[in-house]
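**Student:** Sequence and predicted structure are below.
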Amino acid sequence: MPARGLVTRDLRVAVQDTEILKGIDLTVEPGQVHALMGPNGSGKSTLAFAMAGHPGYNVTGGSVTLDGEELLGLPPDKRARAGLFLSFQYPAAIPGVSVANFLRSARQAVRSGDLSPAKFRALVFEKLDTLDMDPAFLGRYVNDGFSGGEKKRLEMLQMAIIAPKYAILDETDSGLDVDALQAVARAAVALRESDDGRHMGFLVITHYPRILRYLPADVVHVMIDGRIAKTGGPDLAERIEREGYDVIRDEVATARA
Amino acid sequence: MPSGTAADFATIPFGPDAATLEEALELIAEAGLEGAADAHLRREALELYATLPPPGARPRRGWRYDYGKLNYDDLVWTTGRSQPQTQSEAPVAAAEGDLPALATENAGGLFHLGATLVEPGERTARDERVIVLPLADARLRYPDLIAEHLGSIADWRGDRFAALATAFENCGAFVYVPDGVVVEAPIQLVWANSPARDEAVFPHILVVLGAGAQATVIERHIGGGDPFVCGLVEVHAGERARLDYVTVQQAGEGARVFFRRAARCTRESLVRWNLAELGSALARTVLNAHLGAEGARCETAALFFTTGFAHVDLTTATDHAVGPTFSDTAVRSAANDRGQGRYVGDIVIRPRAHGSDASLRDDALLLSAHAHIDTVPALEIAANDVKAFHGATVGSLDEDALFYVLSRGIPKNEALRMVTLGFFEPVITRFPGEALRDEIRTALDAKIDEATEDA
């Protein structure tokens, strides 16, 4: 039964014959922020790539729906046009393509012709300002020679310009200093407070609760070994910071035993 | 037009075998054309053509093209002197319609249909001090300038096709910019082929810039049909002169286009070779620069895109004869379908070229499993304390980049177009003028579209 939200049901994903995700159930409702935490190698990025449709990730079972529309089987561009956005942990460089052109093409692809060139320009400058980005960025080639912080800001700039229905932020906060982290979070918060983003849902993949101080999570999940080991409220993130993943791992093992 | 009457117009069948070529040369000599190349020189050139080996007789690695099997069937050679009666104005108009850049402001130029000059003016440069003339007229009016430079810059005696071009020269241009004169708008030299007749066209272009002179020359090849175009371009850059020499080759799908272009760079002069090979079934180009005096510089930006069954064979050869001299070469190429490409980049730094700086970078993009590009950069350094860099890559499209673009909602065709066009961009940006750069982007775009439609 199709539900509103970004929903995975018993999602199973393999990479080169090794099962990485072993049945993931998640429901990010419109307007909600879900945090997905977990140790390295637990499958968080695999989930992000599989949902976005990366050809290297082989979905072996389950479903991913966006407001009721099945995404599995759709190519990545159609998933994006359905309303999904992935902020990459390691964004690729597109040499020779300017940020300005790329933003215009992306907005055009997802929301064809909804803004006049003047309004589009105003939107870009407004978002640049929110992110503390120099307009000179627009003339640079996408991610080409960008620092880690610049890449993450550009991911957020794209998210703000596209204004998707759901965004997966794959470790957008990692490797950022406090200023960059605040700018990134500010962009997400500003989007949620705008008309375009009021109903936007977020799946925030992170190691650290600090981003959640700026972008508070409604629900926190902990992924261990390809499964959602525990789901809770914002306090779960704080607990993980204090106690680490091993405590959760032990709890889950004890509960199963 | 000093030498242009209907009476001296002639067409000569241009045959595949040596006997036919000899015969053609005799007929040309008998025509006694004013301002034409010297008959003895033509004969010497034809003999050289017969003895010189075809380029790349020993194919390197995957590159395959047997120049020995080139045929010249069903071509005609014309004197290039007057409007052929068989041709209407229509092809000219059509060709002009295809030329957005000609509609833009330019500083004068020459337009050829086949080898024949269309609407020649008495003086074809807008600036009184600048000369833009058909080569035959220039031979008559400026014999000293022609004698000083023509044939002495390009090593046509060592190149089979440059020798052929010398033997059968039937059109050409002389561009002269005197000392200190700066020509802002480009001077355009256009060769269009009419699909109505396949011609053998042998242009010889000479560009001479005086001390401190500046100009942009754009050489274009357009039109349909299956012409054979084989030419020679010679450039002399006086002290501190600055020349942008642009070639946009968009000849028809059946065309074969051969050129040897050579620059003589004197003290503190700058020559920029900008080359875009975007048409023809077969294109062979040699870009030569002789850096013969202190401070001379040559910057080369070349790109080609070969699709279908087309072949592109490009050589750049830069000679640092003395030091310090400077060169910077950037080549980007792509091949799709069964397109074949070869790039040979030679840099020679001679014993007296101390303090020189040479950089060569070429990148090739293969867009299909059957496409092939060889790149052969070669540095030969005989001087100390020089800076020399060369780097080459051959690869397919970056899958991570492609996925990234797709993930932003951009459809696959558009994403491929974007990434491919982006690949060429670092070389496109080195072409002079936004109008020209946009024109090249548009032309590449059309080639990519053809490719993605087939995909």
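**Tutor:** Now that the structure is in, tell me what you want to look at. Bear in mind that the values here come from a model prediction, so they are computed numbers and not experimental data.
**Student:** ok, the closest residue to chain B within the stretch 51-200 of chain A - contacts?
**Tutor:** Proximity of the stretch 51-200 of chain A to chain B (CB to the nearest CB) peaks at residue A:96, 2.9 Å away. Every C-beta, even on glycine, is put in place using the N, C-alpha and C of the backbone. Going by CB atoms under 8 Å, 6 or more residues apart in numbering or on different chains, residue A:96 touches A:141, B:421-426.
**Student:** 10 Å instead, please
**Tutor:** A:141-142, A:144, B:332, B:418-429 (CB atoms under 10 Å, 6 or more residues apart in numbering or on different chains).
**Student:** And it, what's its pLDDT?
**Tutor:** As predicted, residue A:96 sits at a pLDDT of 95.
**Student:** Look at it and tell me its secondary structure.
**Tutor:** With DSSP: H, G, I helix; E, B strand; the rest coil as the basis, residue A:96 sits in strand.
**Student:** still on that earlier bit, from the contacts of residue A:96, keep the buried residues only.
**Tutor:** Among the contacts of residue A:96, those classed as buried by 16 or more other CB atoms under 10 Å in any protein chain shown are A:141-142, A:144, B:332, B:418-428.
**Student:** Nearest to residue A:255 among those residues?
**Tutor:** For the buried ones among the contacts of residue A:96, the residue nearest residue A:255 by CB to CB is residue A:142; the value is 46.0 Å.
**Student:** quick one: what helix or strand has residue A:105 in it?
**Tutor:** helix A:99-110 (DSSP states H and E).
**Student:** After that helix, which helix or strand is next?
**Tutor:** Immediately after helix A:99-110, counting by DSSP H and E, sits helix A:117-130.
**Student:** Any part of that following helix near chain B?
**Tutor:** No. Helix A:117-130 stays clear of chain B (CB under 10 Å from any CB of the partner chain), getting no nearer than 14.8 Å.
**Student:** Which residue ranges of the stretch 51-200 of chain B form strands?
**Tutor:** B:75-78, B:109-113, B:116-117, B:131-134, B:171-177, B:187-193, B:200-201 (DSSP state E, counting those that start in this stretch).
**Student:** how about low-confidence regions in the stretch 151-300 of chain B?
**Tutor:** For the stretch 151-300 of chain B, no stretch is flagged by pLDDT under 70.
**Student:** The helix or strand bottoming out on mean pLDDT in chain A - contacts with which helices or strands?
**Tutor:** Sorted by mean pLDDT, DSSP states H and E, the helices and strands of chain A end with helix A:245-256, the least confident at a mean of 83. In terms of contacts (3 or more CB pairs under 10 Å, 6 or more residues apart in numbering or on different chains; DSSP states H and E), helix A:245-256 is packed against strand A:219-224, strand A:227-232, helix A:234-243.
**Student:** one more time with 6 Å, if that's ok
**Tutor:** strand A:227-232 (3 or more CB pairs under 6 Å, 6 or more residues apart in numbering or on different chains; DSSP states H and E).
**Student:** thinking again about what came up before, in the least confident helix or strand of chain A, what counts as buried?
**Tutor:** Neighbour counts over helix A:245-256 (16+ other CB under 10 Å) mark A:245, A:248-249, A:252 as buried.
**Student:** where are the low-confidence patches of chain A?
**Tutor:** Answering for chain A: the residues below the bar, that is pLDDT under 70, span A:1-2, A:257.
**Student:** Show me which residues of it are close to chain B?
**Tutor:** Within chain A, the positions adjacent to chain B are A:52, A:54, A:76-77, A:80-81, A:86, A:92, A:94-97, A:105-106, A:109-110 by CB under 6 Å from any CB of the partner chain.
**Student:** Most neighbours out of those residues, which is it?
**Tutor:** Greatest neighbour count in the residues of chain A next to chain B, by other CB atoms under 10 Å in any protein chain shown, goes to residue A:86: 28 neighbours.
**Student:** Please report how far the closest residue to that one other than its chain neighbours lies from residue B:333.
**Tutor:** Excluding the flanking residues, the one nearest residue A:86 by CB to CB, 6 or more residues apart in numbering or on different chains is residue A:52, at 4.2 Å. Going from residue A:52 to residue B:333 by CB to CB, to the nearest Å gives 32 Å.
**Student:** Give me the residues contacting the helix holding residue A:105.
**Tutor:** Residues outside helix A:99-110 that contact it (CB atoms under 6 Å, 6 or more residues apart in numbering or on different chains): A:81, A:137-138, A:140, A:142, A:161-162, B:408-410.
**Student:** which among those gets closest to residue B:339?
**Tutor:** Distance to residue B:339, by CB to CB, is smallest for residue B:410 among those, at 25.1 Å.
**Student:** Could you report the neighbour count for the closest one?
**Tutor:** Around residue B:410 there are 26 residues (other CB under 10 Å).
**Student:** show me what contacts it?
**Tutor:** Here residue B:410 is in contact with A:77, A:105, A:109 (CB under 6 Å, 6+ apart).
**Student:** Distance from stretch B:271-279 to the middle of the chain?
**Tutor:** In terms of CA atoms, centre = their mean, to the nearest Å, the centre of stretch B:271-279 is set 7 Å apart from its chain centre.
**Student:** Extract the C-alpha set from it and format it as PDB.
**Tutor:** The C-alpha trace of stretch B:271-279 is given here as PDB (Å, rounded to 0.1, in the frame of the first residue of the first chain):
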ATOM      1  CA  VAL B 271      51.800  32.300 -32.700                       C
ATOM      2  CA  ARG B 272      48.800  30.500 -31.500                       C
ATOM      3  CA  TRP B 273      47.600  27.500 -33.500                       C
ATOM      4  CA  ASN B 274      44.000  26.800 -32.800                       C
ATOM      5  CA  LEU B 275      42.700  23.800 -34.600                       C
ATOM      6  CA  ALA B 276      39.200  22.200 -34.600                       C
ATOM      7  CA  GLU B 277      38.900  19.100 -36.800                       C
ATOM      8  CA  LEU B 278      35.100  18.500 -36.800                       C
ATOM      9  CA  GLY B 279      34.400  17.200 -40.300                       C
END
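**Student:** Give me the residues contacting it.
**Tutor:** Residues contacting stretch B:271-279 (CB under 6 Å, 6+ apart): B:237, B:243-251, B:263, B:265, B:283, B:287, B:298-304, B:312, B:431, B:440, B:443.
**Student:** Okay, and which of the residues you listed map to helices?
**Tutor:** The members of the contacts of stretch B:271-279 that map onto helices under DSSP state H are B:440, B:443.
**Student:** Show me the one of the strands of the stretch 51-200 of chain B that comes nearest residue B:56.
**Tutor:** Short answer: strand B:200-201, nearest of these by CB to CB, at 22.1 Å.
**Student:** in whichever helix or strand comes after the closest one, what's buried?
**Tutor:** Proceeding C-terminally, strand B:200-201 gives way to strand B:203-209 as the next helix or strand, assigned by DSSP H and E. For strand B:203-209, burial by neighbour count (16+ other CB under 10 Å) applies to B:203-209.
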